[in-house]
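Novice: can you look at this prediction? I've put the sequence above it.
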Amino acid sequence: MLGHDEPQQPITSDKKPLVESEALQKLIKADNLLARAEHLYEIAKLGEPEYNHPTRVIGSEGHLGTLSYIYSTLADLGDYYELTNQSFPAVTGNVFESRLVLGTDVPKSAAPMSLTPPTKDKGPVYGDLVLVDNDGCDLSDYPSAVSGNIAFIRRGTCPFGTKSENAGKKGAIAAVIYNYDSETVHGTLGTPTPDHVATFGLGGDDAQPHLDKLRHGEAVDAIAYIDAVVETIETTNIIAQTVQGDPDNCVMLGGHSDSVPEGPGINDDGSGTLSLLEVATQLTHFSVNNCVRFAWWSAEEVGLLGSDYYVSVLSPEENRKIRLFMDYDMLASPNFAYQIYNATNEANPIGSEELRHVYEDWYESQGLHYTFIPFDGRSDYDGFIRHGIPAGGIATGAEGVKTEEEADMFGGRAGEWYDPCYHQLCDDVSNLNMTAWELNTKLVAHSVAHYAISFDGFPERIDADAAVASRRYAHETKYHGKRLFI
């Protein structure tokens, strides 16, 4: 077993063999992954003094320890990689308490938006619920009665942050964004502005009785309370690029280094973080034709901030050097399915579909089933697609419910979440399915070796086609990270 205090030494000879998929896969061992996971959980305990439980949320000692572990592990590999720490400002928020009362109802689906400001003086505010016209995307949608009261705004068309900002500009003391269907709105306001007001999301079933009253001219009084903090901190992406290999043709892959505040995040995304770290370690036994660039993103859990920042500061020339990006987020869910992002060249930058076929072919070569999941903006591939870079990836599932058909395909329990500990304290070492994790890490290794050898047959980057696909994707995508933003 690989002990965390005894890093495996890379081969130092200059005459390393060219990477070969099967050879690299054979070096991936479940014992090594488990040892890394146990060490990562110990690091998460550094967050206990501040959060009263293990966590690796950005800004915590647990996350700082995670960054130190990743960087020191890579540094121990000698001069195989060029390492970069990319610091950037990250907006983070925390809601300590909240409550919404509409008339005499306390709706169960009411949830404060991520990055919401608190109510005035962090105490309850009182007012009438005032229905906003249309989708609240224009200031003209807000009647004058909103001033001093609580805006009631339909979800749709524009970002939640725009709706909250418009409500604030018109004098509202709080806002409630209700859904047009029964689903609860777990959303984010995104980048803070001075005009944002305390904002809740609300499911359509809970909203409907109050909508009916307002549309019939009846008054609905309301109480809103949010005790929250929104602040900006500095955090860091870690990038490791092979010194060898064509620097104008890079295969890039990444996972996120942070967890949510509620738990240690050993599956989400400790599994992806450590798979990348293990593949990066074992790759040092080989030479490569094309450069391989590993990334550990920070601040994914608060809105994909690290990966967004990375692609936003790339020059056009550096952008084109990335032939494709592969996202590895949650590879060891206990009630897993083998999931492939359903990338197509019609809807995504050309090359995304070819990458999807690499995953399909590998699972089929192992005699395994797989299923497709949508490219819906929920992980760090989002910024790459929006910037015209082909992308794809695999996962094993989060809070989605496993179907009967999937239980037949993969085993496990139908009707339950793929990861019952998703974003919870119990996402610890016991939450890992080691069979799925080892197998998927071998697939990560295969994807690296496949493109580190050659891009023959892989489409060239075509800026005009990528721009069209990126605009289509941006128009259709409603998530930014784990939360809705429209």
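Specialist: That came through, no problem.
Novice: excluding chain neighbours, give the residue nearest to the spatially most central residue of the chain in space.
Specialist: Centroid-nearest residue in the chain: Ser379, 3.3 Å away (criterion: Cα atoms, centre = their mean). Distance criterion Cβ to Cβ, 6 or more residues apart in numbering; nearest residue to Ser379, sequence neighbours excluded, is Asp329 at 4.5 Å. No exception for glycine: its C-beta is placed from N, CA and C like everyone else's.
Novice: got the contact list for the one you found?
Specialist: Asp329 sits next to 255-256, 268-269, 272, 300, 379-380, 393, 395 when contact means Cβ atoms under 8 Å, 6 or more residues apart in numbering.
Novice: now for those: which two are most distant?
Specialist: Asp268 and Gly393 (14.1 Å; Cβ to Cβ).
Novice: using the three-state scheme, assign Val176.
Specialist: Classification of Val176 by DSSP: H, G, I helix; E, B strand; the rest coil places it in strand.
Novice: what does Leu274 give?
Specialist: Classified using three-state DSSP, Leu274 is helix.
Novice: Leu331 versus that one, what's the distance?
Specialist: 9 Å (Cβ to Cβ, to the nearest Å).
Novice: between the two, who's got more neighbours?
Specialist: Leu331 (34 against 28; other Cβ atoms under 10 Å).
Novice: could I get the contacting residues of the more buried one?
Specialist: By Cβ under 8 Å, 6+ apart, the contact set of Leu331 is 267, 271-272, 275, 394-396, 436-437, 440-441, 444.
Novice: counting by contacts, list what the helix or strand hosting Glu278 packs against.
Specialist: Per DSSP states H and E, Glu278 falls inside helix 270-283. When contacts are defined as 3 or more Cβ pairs under 8 Å, 6 or more residues apart in numbering; DSSP states H and E, helix 270-283 sits against helix 21-26, helix 30-44, helix 61-75, strand 246-256, strand 290-297, strand 322-328, helix 434-453.
Novice: buried sites along the shortest one?
Specialist: By 16 or more other Cβ atoms under 10 Å, the buried positions in helix 21-26 come out as 21, 24-25.
Novice: out of those residues, who's nearest Trp362?
Specialist: Ser21 (8.8 Å).
Novice: ok, the residue lying closest to the closest one once chain neighbours are set aside - how many residues close by?
Specialist: In space, and not counting its chain neighbours, Ser21 is closest to Ala449: 4.1 Å by Cβ to Cβ, 6+ apart. Ala449 is flanked by 23 other residues according to other Cβ under 10 Å.
Novice: neighbour count: Asp268 and Gly393, which is higher?
Specialist: Neighbours were counted for Asp268 and for Gly393 using other Cβ under 10 Å; Asp268 has more, 32 against 28.
Novice: name the SS class of that one, please.
Specialist: Applying three-state DSSP: Asp268 is coil.
Novice: next, it: phi, psi?
Specialist: phi -110, psi 100 (degrees, to the nearest 10).
Novice: gap between it and Asp246?
Specialist: Taken as Cβ to Cβ, the span from Asp268 to Asp246 is 34 Å.
Novice: Phe384 now?
Specialist: The gap separating Phe384 from Asp246 is 20 Å, by Cβ to Cβ.
Novice: Tyr81 contacts Ala240, doesn't it?
Specialist: Yes. Counting by Cβ atoms under 8 Å, Tyr81 touches Ala240, with 4.1 Å between them.
Novice: can I get stretch 35-43 in CSV, CA atoms only?
Specialist: C-alpha atoms of stretch 35-43 as CSV (Å, rounded to 0.1, in the frame of the first residue of the first chain):
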residue,chain,number,x,y,z
ALA,A,35,-4.4,5.2,1.3
ARG,A,36,-4.7,8.6,-0.3
ALA,A,37,-8.4,8.8,0.7
GLU,A,38,-7.6,8.0,4.3
HIS,A,39,-4.9,10.7,4.3
LEU,A,40,-7.3,13.2,2.7
TYR,A,41,-9.9,12.5,5.5
GLU,A,42,-7.2,13.3,8.1
ILE,A,43,-6.6,16.6,6.3
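Novice: quick check: buried residues in it?
Specialist: For stretch 35-43, a neighbour-count test (16+ other Cβ under 10 Å) marks 35-37, 39-41, 43 as buried.
Novice: now tabulate those in a markdown table and tack on pLDDT.
Specialist: As requested, these are exported to a markdown table (pLDDT from 0 to 100):
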| residue | pLDDT |
| --- | --- |
| Ala35 | 98 |
| Arg36 | 98 |
| Ala37 | 98 |
| His39 | 98 |
| Leu40 | 98 |
| Tyr41 | 98 |
| Ile43 | 98 |
